[in-house]
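> When you get a sec, could you give me coordinates for this:
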Amino acid sequence: MTDSEFEQRAAALLAKTEYGLTDLAEIVTLLRSERGCPWDKVQTHETIRRDFLEETYEVLEAIDCASPEMLREELGDVLLQVFFHTDIERERGTFTLDDVADEVCKKLILRHPHVFGDVKADTVDKVLSNWDAIKKDEKQQETFADTLKSVPKVFPSAMRAQKLGKRASRAGIELASADDANELAKQLIDRGETAKAMLVLANAVRLRGGDAEEELARACDSFTERFEELESSGRTLTEVAAAELYDY
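Got it, this is the predicted structure:
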């Protein structure tokens, strides 16, 4: 990109009062050009990997806060991450934003044959069953073990544990109930196998219809609030029984 071309494209952006998706793509391209930002143009997938994760968590916080304004801003930050990573690959000649959109559109059409085809699926369970079968075929997963291995290792541990348990259940291996899971967890703890107990407990939550990651997050919030209450009560913290903090 010549200096003249850069200036023309930058001026065109500055002349606008409202922007769209094509403008965001253009801004990212200019930021990473030779005349662009010293920081932006040296970034790689690896250097901004953490940023993507942090922005995603901020979207979740916006959802929890039920704030449309906050959600709009945080979704924009995630969108920027998508455009940024895609622009890195565009520069390498591997794929573009249109390629990304093309792939996800094809995936949605393929995985919704009850909408875009003649497959019958009039319940949520049938839809999910079809989805799993199509996904397994797409990814050439020949065994149930393949489906477990496909759960990303970078997931938060409670989330990963729950997804592994759910996929194992689809193969026919399932804990009898949440109560049975709790009993098994106690046995594992007694044997000193705490990590295995945590995996079982995550699936006990699943069997109750809950989300282990979200419930643990709420428990952490409550723990912090309880600690604040105890500290502000005027009591000497060293005299507070641990049960008052952990079991309330």
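> Mind giving me the packing neighbours of the one helix or strand N182 maps to?
N182 is part of helix 178-190, with elements assigned from DSSP states H and E. Judged by 3 or more Cβ pairs under 8 Å, 6 or more residues apart in numbering; DSSP states H and E, the packing partners of helix 178-190 are helix 194-207. The way it works is simple: take the backbone N, C-alpha and C, and place the C-beta from them, glycine included.
> what's the helix it packs on packed up against?
helix 157-170, helix 178-190, helix 212-232.
> With adjacent residues omitted, what lies nearest to the spatially most central residue of the chain?
Centroid-nearest residue in the chain, with Cα atoms, centre = their mean: T56, separated by 6.7 Å. Leaving aside its sequence neighbours, T56 sits nearest to V78 (Cβ to Cβ, 6 or more residues apart in numbering; 6.1 Å).
> For the one you found, grab the count of nearby residues.
14 (other Cβ atoms under 10 Å).
> Return the distance of it relative to D51.
10 Å (Cβ to Cβ, to the nearest Å).
> on that earlier part again, who does the host helix or strand of the residue nearest to T56 touch, helix- and strand-wise?
Secondary structure from DSSP H and E places V78 in helix 68-92. Contacts defined by 3+ Cβ pairs under 8 Å, 6+ apart place helix 68-92 against helix 21-31, helix 49-64, helix 97-110.
> Flag every buried residue along it.
M70, L71, E74, L80, Q81, F83, F84, H85, T86, D87, R90 (16 or more other Cβ atoms under 10 Å).
> Show me the shaky parts of the protein.
Counting by pLDDT under 70, the chain shows no low-confidence range.
> could you redo the last one with a cut-off of 80?
131-133, 135-142, 248 (pLDDT under 80).
> what about L245, distance to S222?
L245 is 10 Å from S222, by Cβ to Cβ.
> G172 now?
37 Å.
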